[in-house]
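In: Provided below are the primary sequence and the corresponding predicted coordinates.
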Amino acid sequence: MTLPDPPPPASGAPGAPGAPGAPGAPGAPTQGEGGGVGLAVWSTPQWREHATAWADDVLSALGIRRTGEAQQPHLRAWSTVLRLPTSAGSVWLKAPGPGTVTEVALTPVLARRGGDRVLAPYAVDLARGWLLLPDGGAVLATNTPASLEVWNDALRGYAVLQLELTPHVDEMLAAGAPDHRPDRLPGLLDEVVAGAGRHARTAEERSMLGAARKDRTRVEDLAGLLAQGAQAPTVQHDDLHRDNVFLDRARVFDWGDAVVAHPFSSLLVALRDTAEPLGVGLDDPRVVAARDAYLQAWGGPTADNLAVLSAARTLGVLSRAASWLRVLDSLSDDESGDVRDAAIRWLAMLSAGERL
């Protein structure tokens with residue numbers, strides 16, 4: 001059962017913007033003070049009991065009762081999710097790690113300003129980094145013609161959401177969304193190359209980073225093109241693929257990688273996710289249809305828009321690299337496993353070009 005969207009937390013409620021204990025407020029606790037984060041903590045019965053008790057208190061106040069034991073269908077080094085069966089259907093408690101915890105404060109802002117285009121949380125706890133959400137329904141994750149049309153609808157709606165959120169950039173930044181606006185991208189290149197260097201293990205990887213560093217002038221030029229474009233910075237999901245879209249109303253979710261940036265950078269991941277499962281290139285008509293569905297809200301696939309889109313997708317690799325570094329820097333070598341070189345692989349696309 002899909003629940004109706006609840007209102008965002010009231011001012012002064014746990015986790016509400018401006019509430020006591022919010023990040024940056026005097027005496028605000030850190031994420032770890034609510035019981036810690038990471039696999040070693042999230043995998044314990046004690047943590048699950050602690051998190052479930054908080055969810056029970058929130059839901060009880062809303063007249064919802066839990067009807068079964070909490071399940072933990074998602075447990076990764078960077079986040080975990082509990083599923084709570086309740087009298088009103090499934091409820092989800094998400095606990096991001098330090099690399100994506102900005103989602104907890106950002107999601108209520110997006111829900112408040114974006115209306116029913118964003119699944120509104122029942123509650124958030126900024127101190128502990130917890131997010132309690134109603135069930136959004138089934139996820140779009142297949143490649144049937146029908147699912148591709150829902151995907152195109154999601155891209156259209158997402159573009160409208162970006163336009164609606166443009167006036168609220170300062171609020172999103174205050175909630176902790178990283179600032180990747182065009183004027184900051186040359187400096188971001190320097191930061192992510194240095195950060196990725198901490199995870200490089202081979203001469204080939206160090207060579208890739210050296211090549212990316214040499215692309216700074218090109219990054220400056222492309223960032224200048226984005227800054228001069230007609231599109232203002234707004235929320236940029238940065239991991240926009242079909243596993244992050246609900247079938248119901250084609251709504252986008254999972255905002256843990258979101259940044260404030262040029263809107264078109266979202267199509268770096270979105271178009272790759274359209275093409276790769278089909279085994280086709282970016283010029284395939286189905287990929288072009290997805291691109292044009294997104295661009296509809298921005299005036300369509302005009303020559304100017306396509307030029308800006310190319311620049312935005314090229315520079316989008318900087319946000320992807322930065323997102324992975326936020327995750328990797330909080331993990332041990334053992335925990336990082338086969339994603340240890342993720343930031344390096346994204347940066348390699350600056351000089352080597354995009355490969356599907």
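Out: That came through fine.

In: Tell me which other helices or strands whatever helix or strand Leu267 lives in touches.
Out: If you go by DSSP states H and E, Leu267 is part of helix 267-275. Packing partners of helix 267-275 (3 or more C-beta pairs under 8 Å, 6 or more residues apart in numbering; DSSP states H and E): helix 145-165, helix 285-295, helix 303-328. C-beta coordinates here come from the backbone N, C-alpha and C atoms, glycine included.

In: Which among the ones you listed is found nearest to His262?
Out: Closest to His262 of those, according to C-beta to C-beta: helix 303-328, at 4.8 Å.

In: Beyond that closest one, next helix or strand please.
Out: Remark: after helix 303-328, the chain's next helix or strand is helix 333-336, criterion DSSP H and E.

In: Now tell me what touches that following helix from outside.
Out: With C-beta atoms under 8 Å, 6 or more residues apart in numbering as the test, helix 333-336 has contacts from Gly38, Leu39, Ala77, His199, Leu328, Arg340.

In: For those residues, pick the one with the most neighbours.
Out: Leu328 (23 neighbours; other C-beta atoms under 10 Å).

In: Find the nearest non-adjacent residue to that one, please.
Out: Ser336 (5.5 Å; C-beta to C-beta, 6 or more residues apart in numbering).

In: just Met208 next, same as before
Out: Nearest to Met208 is Ala348, by C-beta to C-beta, 6+ apart, at 4.3 Å.

In: what sits against that neighbour?
Out: For Ala348, the contacting residues are Met208, Ala211, Ala212, by C-beta under 8 Å, 6+ apart.

In: starting at the chain centroid, how far to the helix or strand in which it is found?
Out: For Ala348, the element it lies in under DSSP H and E is helix 342-352. Centroid separation between helix 342-352 and its chain, computed with C-alpha atoms, centre = their mean, to the nearest Å, is 19 Å.

In: again, but for stretch 69-87
Out: 19 Å.

In: Quick check: which ranges of the protein have low pLDDT?
Out: 1-35 (pLDDT under 70).

In: Which residue ranges of the stretch 101-250 of the chain form strands?
Out: Under the criterion DSSP state E, counting those that start in this stretch, the stretch 101-250 of the chain carries strands at the ranges 123-125, 130-134, 179-180, 234-236.

In: how about these, which one is nearest Pro98?
Out: strand 130-134 (13.6 Å).

In: Format the helices and strands packed on helix 267-275 as TSV; extra columns: distance to Leu173.
Out: What follows is the helices and strands packed on helix 267-275, written out as TSV (distance: least, C-beta to C-beta, whole Å):
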stretch	distance to Leu173
helix 145-165	12
helix 285-295	24
helix 303-328	15
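
In: nearest to Leu222, of those helices?
Out: Proximity to Leu222 (C-beta to C-beta) singles out helix 303-328 among these, at 4.3 Å.

In: tell me the angle of the closest one relative to helix 285-295?
Out: With axes from the mean of the first three to the mean of the last three C-alpha atoms, to 10 degrees as the basis, helix 303-328 and helix 285-295 are set at 90 degrees to each other.

In: who touches the residue of the chain positioned farthest from its centre in this structure?
Out: Residue farthest from the centre of the chain, counting by C-alpha atoms, centre = their mean, is Ala203 at 31.2 Å. By C-beta under 8 Å, 6+ apart, the contact list for Ala203 is empty.

In: any idea how far it is from Glu164?
Out: 47 Å (C-beta to C-beta, to the nearest Å).

In: OK, contacts around the nearest residue in space to Trp298 that is not next to it in sequence?
Out: Nearest non-adjacent residue to Trp298, counting by C-beta to C-beta, 6+ apart: Asn305, 5.9 Å away. Contact analysis of Asn305 by C-beta under 8 Å, 6+ apart lists Phe264, Leu295, Trp298, Gly299.

In: With respect to Ala312, which of these is nearest?
Out: Phe264 (3.5 Å).

In: what angle do the helix holding Leu267 and helix 342-352 make?
Out: Going by the same axes, to 10 degrees, helix 267-275 makes 90 degrees with helix 342-352.

In: Need the contact partners of helix 267-275.
Out: 148, 151, 155, 238-242, 281-282, 284, 286-287, 290-291, 294, 309, 312-313, 316-317, 320, 354, 356.

In: out of these, which are buried?
Out: 148, 151, 155, 238-242, 282, 286-287, 290-291, 294, 309, 312-313, 316-317, 320 (16 or more other C-beta atoms under 10 Å).

In: Include mean neighbour count when you put the strands of the stretch 101-250 of the chain into JSON lines, please.
Out: Output for the strands of the stretch 101-250 of the chain, formatted as JSON lines (neighbours: other C-beta atoms under 10 Å):
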{"stretch": "strand 123-125", "mean neighbour count": "26"}
{"stretch": "strand 130-134", "mean neighbour count": "24"}
{"stretch": "strand 179-180", "mean neighbour count": "18"}
{"stretch": "strand 234-236", "mean neighbour count": "26"}
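
In: wait, isn't Asn143 in contact with Val280?
Out: No. If you go by C-beta atoms under 8 Å, Asn143 and Val280 don't touch, sitting 10.7 Å apart.
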